[in-house]
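Participant: Any chance you can model this:
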Amino acid sequence: MLMSRTVTGRATVVAALLLLSACAAAPGASEGEAAKNAGAGAAASPADPQALIADGDAALQRGDLPQAALAYRRAAEASDDEAIAEQATELAFDNAQFRETLRSAQRWLAINPTIEDARRYAGVAALELHELDEAESQFAALLETAFLSPAAGYLSLLPVLADHGTGPDTTELFRRLLTRHPDVGEGHYVLAAAALRGENFALAVEHARRATEIAPYWTPAKLLLARSLVASGQEEAGLNIARELAIAPDADISTHLEYALMLASVGREEEARALLTPYATGERVVPAALRGLGMLDLQQRDLDAATKRFEDLLGTGAMSYDALFFLGSIADRRKDPERALRYYSRVVGGDFALSAQGRVARIKAQQSGLDAGLAQLDEFARSHPQRGPEIVAARAGLASSLGDEKRAIAILDEGIARYPDVVDLGMARVFAYERLGRHDAAIKELRRMLAERPGDAVLENALGYTLADQDRHLDEAQRLIGAALTQMPDSAAVLDSMGWLLFRQGRLPEALKYLQRASDLGEETEIDLHLGEVQWAMGDRDAARTTWRQALERQPDNEELKERLERAGQ
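Facilitator: Residues are numbered from 1 along each chain as shown. Here you go, the predicted model:
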C-alpha cells in the first residue's frame, strides 16, 4: 500500500525548539546548488551581505522561498556576523527549506561552535532530509553539552523529534544515540516511544521494558511498556500492567484516563466507559474524560450521545477546538452542511485547525465550486504561513476530491517548487499520478525521491508497492518492500504491500498471512480489497464476500467495495 507521513506544522516545532533552549544548562559547507539557483544575489557582490539580504527580502516578498533562503545563507557565508547566520537559519527553517536550514546552521556553528540552537536547527533539518549521520552528530553533541544530564536531554528531545522525520528515521536516530548511554533509562524510554511511532512494536517492548528495569518506580515508563505490549498483540499483559498502576493508592487521573484509552483501543468500550464516567459527572469534571466518552459514542455511532458529550466539553471552556471539530463532524455525518460549516469555521487553532478549515473548504467547494474552496484555504494560509506545505497538500487534496486531478497536480507542482525539501508533497504527487493512471510518472517520481533519500523506508515501500501493483520488476519490488518491512515490521501498509506482492507472484498462502496481519493492524479499504482478492483466488469466496461486506459497513460510500461485491454476486 502506498503511504505517506503527515506534513508537520511548523509553529509547534518552533515552540518546542524554544522549550529545548529553556531546558538547556549553561554551555561549558559545501555549495552544490543547482544552476537554476545561480541567480539569487546576482545583483549583489558575494562579499556584500547586506545586498544579499536585500535580495533575500525581495525573494521573500514575491513568495520565492527557496531563493530567499539561498540569498540569506550566502549573506551568512559572506559575513562573520553571527546574527546574520542566525537570521538565515531561522528564515529557512520557518519556511521549510531544510537544505538551506542545514547549511545556514552549519555556517552559524562555524562562526560560533558553542551555539546550541544552531545544533538543534541543524539536527532537525538533517533528520527531515534523511541525513542521519549529520543528525546523529548534532544531537549527540547536544546531549553532552546542552542539558543538565543526558537523561534530561533525551526527555527534552522527544517532543521535538516526534514531529519531524519519519518514524523509522527517528527510531534509528535514537537507537544510535542510545549506544552512547546504554544505562540511561530515559534513553530507552524515548527509543521505545519512537519505535512505537515507527511501527516496530517488538523494539518498543524491548526498550520500554529496559526503561522499567532501570527505573522500576517510573510510572510513564510502565505505561509506555503497557501501550507497547497492547500494540504488539500482548493485550492482557499490557492491560494488566496498566490496571495495576490505575488501582494503586497514589494513581492520578492521567493514569486512569490512559488505562481507559487502552481498554477502548482493544474493544473493551464498556470497561473504558465505566472508568471515564466518574470524571465526566459531578462537581469535578475532567475535560479529557468528556472527550474520551464522546469518542466512544462516535465509535458506536450514537450521534445524540456524542453531541451531548461534546457540547458539555465546550461548556467547560477547555479543549474547545476539539469539541467544535467533533460537533462539526457529527453535523457532517447527519448531512447538515450549514451546521457543520458553523462549527468547523470556529476551529482556528489546535490540532484540528487545518482539518476543520479543509472541511469548510470542501463544503464551500461543493456549494460554489472548487475555486471557492481553494479561496478558503488561501485565506487560512495567509494567517498561518508556517503551515505552508500542509496547506498545499490540503489544496491539492480538495481538487482531487472533486475529481480534478490535473488541477491537483498543478497545485502540487507549484508547491514542490516552493517547498522542494518536503517529501510529503512529492508523495502526494505520486498519489495523484496513480489516480490518473500515470503509473510511469509515479514510478519515475518515486525513483527520483529514493535516489535523494536512499534507505528511506516510506519511499522503499511506496516504490515496491507501485511496482508490484503494476506487476513489474517483482524481484526489485520484493527487495524494496522487504527492506521497508525490516524497519517497520508492524506497519499495516508495508504488510499489505508484501501481501499484494506475494499475490502477484502466485504465492497465495503466504500472501494471505501478510494480509490478515495487515487487516488486524489497520482498517483500510485497500487492505480489505486485497485480502478479499486473495481469499477469492484461494477458492474461499464466502470469506472474500464477508471481508468486503464488513469493510463496506465501515465505509458505506466506498464505490470500489460496492463494485467488487457486485462482481462477486452480492
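Participant: end to end, how far does stretch 549-567 reach?
Facilitator: End-to-end distance for stretch 549-567: 13 Å, by C-alpha to C-alpha, to the nearest Å.
Participant: tell me how far that stretch is from the chain's mean position?
Facilitator: In terms of C-alpha atoms, centre = their mean, to the nearest Å, the centre of stretch 549-567 is found 28 Å from the chain centre.
Participant: Can you tell me what sits against it?
Facilitator: Glu523, Thr525, Asp528, Leu529, Gly532, Arg545, Trp548, Gln570 (C-beta atoms under 8 Å, 6 or more residues apart in numbering). (Glycine included, C-beta is placed from N, CA and C.)
Participant: From the residues you listed, which shows the smallest pLDDT?
Facilitator: Among these, Gln570 has the lowest pLDDT, at 67.
Participant: which stretch of helix or strand covers the closest residue in space to Ile409 that isn't next to it in sequence?
Facilitator: Excluding the flanking residues, the one nearest Ile409 by C-beta to C-beta, 6 or more residues apart in numbering is Ala432, at 4.9 Å. Per DSSP states H and E: Ala432 is located in helix 423-435.
Participant: Can you list the buried residues in the helix or strand immediately after that helix in the chain?
Facilitator: Using DSSP H and E, the helix or strand that follows helix 423-435 in sequence is helix 439-452. The neighbour-count check on helix 439-452 (16 or more other C-beta atoms under 10 Å) flags Ala441, Ala442, Ile443, Glu445, Leu446, Met449, Leu450 as buried.
Participant: Tell me which residues touch the last one, please.
Facilitator: What that stands for is Leu450. Asp456, Leu459, Glu460, Leu463.
Participant: pLDDT added to the residues you listed, as JSON lines?
Facilitator: Listed next are the contacts of Leu450 as JSON lines, based on pLDDT from 0 to 100:
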{"residue": "Asp456", "pLDDT": "97"}
{"residue": "Leu459", "pLDDT": "97"}
{"residue": "Glu460", "pLDDT": "98"}
{"residue": "Leu463", "pLDDT": "97"}
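Participant: From those residues, which land in helices?
Facilitator: Those of these mapping onto helices are Leu459, Glu460, Leu463, per DSSP state H.
Participant: My read is that the first one contacts Leu446, right?
Facilitator: Yes - the pair Leu459 and Leu446 passes the contact test of C-beta atoms under 8 Å, sitting 6.3 Å apart.
Participant: Let me know whether Leu512 touches Gln535 as I believe.
Facilitator: Yes - assessed by C-beta under 8 Å, Leu512 is found in contact with Gln535 at 7.1 Å.
Participant: And the contacts of Leu450, which is closest to His473?
Facilitator: Leu463 (9.6 Å; C-beta to C-beta).
Participant: ok, that closest one - how many residues close by?
Facilitator: 27 (other C-beta atoms under 10 Å).
Participant: just Met1 next, same as before
Facilitator: Neighbours of Met1 using other C-beta under 10 Å come to 22.
Participant: same question, Ala125
Facilitator: A count of nearby residues for Ala125, using other C-beta under 10 Å, gives 29.
Participant: ok, it - contacts?
Facilitator: Counted by C-beta under 8 Å, 6+ apart, Ala125 has contacts Ala92, Phe93, Phe98, Arg99, Thr101, Leu102, Ala105.
Participant: Can you pick out the most distant pair from the contacts of stretch 549-567?
Facilitator: Comparing every pair within the contacts of stretch 549-567 by C-beta to C-beta identifies Glu523 and Gln570 as the most remote, at 20.1 Å.
Participant: follow-up on the earlier one: any chance of JSON lines for the contacts of Leu450, columns distance to Ala152?
Facilitator: Shown next, in JSON lines, are the contacts of Leu450 (distance: C-beta to C-beta, whole Å):
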{"residue": "Asp456", "distance to Ala152": "31"}
{"residue": "Leu459", "distance to Ala152": "34"}
{"residue": "Glu460", "distance to Ala152": "35"}
{"residue": "Leu463", "distance to Ala152": "40"}
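Participant: of all those residues, which comes closest to Gly358?
Facilitator: Nearest to Gly358 out of those is Leu459 (C-beta to C-beta; 25.3 Å).
Participant: For that closest one, list the residues it contacts.
Facilitator: Contact analysis of Leu459 by C-beta under 8 Å, 6+ apart lists Val423, Met427, Leu446, Met449, Leu450, Arg453.
Participant: out of these, which one sits closest to Ile411?
Facilitator: Met427 (14.4 Å).
Participant: Would you map the helices across the stretch 51-200 of the chain?
Facilitator: 65-77, 82-94, 98-111, 116-128, 132-145, 150-161, 167-178, 185-197 (DSSP state H, counting those that start in this stretch).
Participant: packing partners for the last one?
Facilitator: Meaning helix 185-197. For helix 185-197, the elements it packs on are helix 150-161, helix 167-178, helix 201-214, helix 219-231, judged by 3 or more C-beta pairs under 8 Å, 6 or more residues apart in numbering; DSSP states H and E.
Participant: And it, what's buried?
Facilitator: 185-197.
Participant: cool, and stretch 216-227?
Facilitator: Buried, per 16+ other C-beta under 10 Å, within stretch 216-227: Thr219, Pro220, Ala221, Lys222, Leu223, Leu224, Leu225, Ala226, Arg227.
Participant: again with stretch 291-303
Facilitator: Arg291, Gly292, Leu293, Gly294, Met295, Leu296, Asp297, Leu298.
Participant: Show me the residues you listed that map onto helices.
Facilitator: Within the buried residues of stretch 291-303, residues falling in helices by DSSP H are Arg291, Gly292, Leu293, Gly294, Met295, Leu296, Asp297, Leu298.
Participant: pLDDT and distance to Ala125 added to these, as CSV?
Facilitator: Formatted as CSV, these follow (pLDDT from 0 to 100; distance: C-beta to C-beta, whole Å):
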residue, pLDDT, distance to Ala125
Arg291, 95, 35
Gly292, 94, 37
Leu293, 95, 41
Gly294, 95, 39
Met295, 95, 36
Leu296, 94, 40
Asp297, 95, 42
Leu298, 94, 38
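Participant: Could you take those and lay them out as TSV, with extra columns for distance to Ala126?
Facilitator: As requested, these are exported to TSV (distance: C-beta to C-beta, whole Å):
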residue	distance to Ala126
Arg291	36
Gly292	38
Leu293	42
Gly294	40
Met295	37
Leu296	41
Asp297	44
Leu298	40
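Participant: which other residues reach stretch 340-352?
Facilitator: Outside stretch 340-352, the residues that reach it (C-beta under 8 Å, 6+ apart) are 321-322, 324-325, 327-329, 331-332, 353, 356-357, 359-360, 363-364, 383.
Participant: how long is it end to end?
Facilitator: Stretch 340-352 stretches 14 Å from its first residue to its last (C-alpha to C-alpha).
Participant: from the chain's centre, how far out does that stretch sit?
Facilitator: 21 Å.
Participant: repeat for stretch 222-235
Facilitator: Relative to the centre of its chain, stretch 222-235 is centred 21 Å away, using C-alpha atoms, centre = their mean.
Participant: average pLDDT for it?
Facilitator: Mean predicted confidence for stretch 222-235 is 96.
Participant: Restrict that stretch to CA atoms and write it as PDB.
Facilitator: In PDB, the C-alpha atoms belonging to stretch 222-235 read as follows (Å, rounded to 0.1, in the frame of the first residue of the first chain):
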ATOM      1  CA  LYS A 222       5.500   1.400  32.800                       C
ATOM      2  CA  LEU A 223       2.600   2.900  30.900                       C
ATOM      3  CA  LEU A 224       4.700   3.000  27.800                       C
ATOM      4  CA  LEU A 225       5.500  -0.700  28.300                       C
ATOM      5  CA  ALA A 226       1.800  -1.400  28.700                       C
ATOM      6  CA  ARG A 227       1.000   0.500  25.400                       C
ATOM      7  CA  SER A 228       3.800  -1.300  23.600                       C
ATOM      8  CA  LEU A 229       2.600  -4.700  24.700                       C
ATOM      9  CA  VAL A 230      -1.000  -3.900  23.700                       C
ATOM     10  CA  ALA A 231       0.200  -2.700  20.300                       C
ATOM     11  CA  SER A 232       2.200  -5.900  19.800                       C
ATOM     12  CA  GLY A 233      -0.800  -8.000  20.400                       C
ATOM     13  CA  GLN A 234       0.000  -8.900  24.000                       C
ATOM     14  CA  GLU A 235      -3.200  -7.300  25.200                       C
END
